[in-house]
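Peer 1: how would this look folded up:
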Amino acid sequence: MSDIALAVIGGTGLYKLANLQDVETVQPDTRFGAPSGPIRIGTIGGHRVAFLARHGEGHSLPPHKINYRANLAALQGLGATRVLALNTVGGITERFGPRVLACPDQLIDYTWGRISTICEEPGTEVLHVDFGEPYTRSLRAQVVTAAERAGVALVAVGCYGATQGPRLETRAEIARMRRDGCDLVGMTGMPEAGLARELGLDYACLAIVANWAAGAGPDPDEVITLQDVLDNVAAASAGLPALLSALLGGPVTR
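Peer 2: Numbers count the residues shown, from 1 in each chain. Below you'll find the predicted structure:
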């Protein structure tokens with residue numbers, strides 16, 4: 001399995017990769033327990049890609065109950081060294097409205113109570129990893145270049161604020177996050193990014209904006225429905241197959 005070119009972790013509304021071919025299924029175990037569900041391994045443009053649904057393929061796991069350590073360890077155990085995280089998020093600032101794709105370069109962690117390190121168990125080596133740039137610069141650059149090559153609109157910067165969930169945020173919380181410098185809000189960005197750094201994995205986030213966060217956007221009183229969210233995720237994800245193909249160095253079809 002060491003020939004896996006890319007591992008993709010799918011968020012809310014993204015439970016499979018449409019262009020993944022010749023799929024086989026593995027269900028590995030790790031020293032941290034079982035991952036969220038089966039890992040689907042297939043090919044895109046002749047390159048082997050592993051896909052894992054972060055919440056489980058039936059969306060059965062809330063953000064604070066996801067075994068992030070097992071997910072990343074399982075992908076690493078299959079030979080993956082690059083991880084592209086797909087995260088469904090809310091938009092806070094003006095450039096990050098519904099149906100926008102973004103590749104953030106910073107994040108702020110508002111989560112609590114989650115196991116956030118591989119150094120949890122007694123006797124394990126204590127790691128103090130550099131996290132000033134929470135996403136791998138080289139992989140981010142490759143994602144941005146792939147989007148340009150595929151003709152997919154992408155905001156190439158942004159700050160992701162990771163909240164506890166599973167409830168959505170209050171208007172006051174979003175106002176605070178805006179003051180803190182957050183452009184996007186989601187529930188699964190941490191501890192995943194920090195754990196990837198501890199494990200030595202290249203890691204980048206592709207944020208899919210499903211809706212305006214509470215009190216944000218041109219109409220702060222707008223009521224968003226689940227169908228709106230799903231429609232926005234589907235629309236924003238339409239260019240994902242072309243982007244992934246370009247990221248893997250294959251031909252791009254639009």
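Peer 1: residue ranges of the strands in this protein, please?
Peer 2: 4-10, 21-26, 39-44, 47-53, 82-91, 101-102, 106-109, 159-162, 184-186, 202-212 (DSSP state E).
Peer 1: give me the number of residues near the closest residue to P191 other than its chain neighbours?
Peer 2: The shortest distance from P191 to any non-neighbouring residue, by C-beta to C-beta, 6 or more residues apart in numbering, is to S116 (3.7 Å). No exception for glycine: its C-beta is placed from N, CA and C like everyone else's. If you count neighbours by other C-beta atoms under 10 Å, S116 ends up with 18.
Peer 1: Then the one 3 residues further on?
Peer 2: Taking other C-beta under 10 Å as the neighbour definition, C119 ends up with a count of 14.
Peer 1: Could you do G194 as well?
Peer 2: Close neighbours of G194, defined as other C-beta under 10 Å, add up to 21.
Peer 1: go on, L107?
Peer 2: 22.
Peer 1: correct me, but it touches T163?
Peer 2: No - contact criterion C-beta atoms under 8 Å: L107 and T163 do not qualify, at 11.3 Å.
Peer 1: Identify the residues contacting A7.
Peer 2: A7 makes contact with V49, A50, F51, L52, L75, L78, A80, R82, V83, L84, according to C-beta atoms under 8 Å, 6 or more residues apart in numbering.
Peer 1: so what's it bridging to?
Peer 2: Assessed by DSSP bridges, A7 has beta-bridge partners A50, V83.
Peer 1: sorry, back to before: which residues touch the residue nearest to P191?
Peer 2: Neighbour list for S116: M190, P191, G194, L195 [criterion: C-beta under 8 Å, 6+ apart].
Peer 1: between those, which has the most around it?
Peer 2: For the contacts of S116, neighbours tallied by other C-beta under 10 Å; top is M190, 24 neighbours.
Peer 1: can you pull the pLDDT of that one?
Peer 2: On the pLDDT scale, M190 is placed at 98.
Peer 1: That one and Y135: what is the separation?
Peer 2: Shown here: M190 relative to Y135, a distance of 12 Å by C-beta to C-beta, to the nearest Å.
Peer 1: So for the helix or strand of the chain with the lowest mean pLDDT, what gets flagged as buried?
Peer 2: Every helix and strand in the chain was compared by mean pLDDT, DSSP states H and E; the lowest is helix 226-236, with a mean of 88. Neighbour-count burial for helix 226-236, counted by 16 or more other C-beta atoms under 10 Å, picks out V229, N232, V233, A236.
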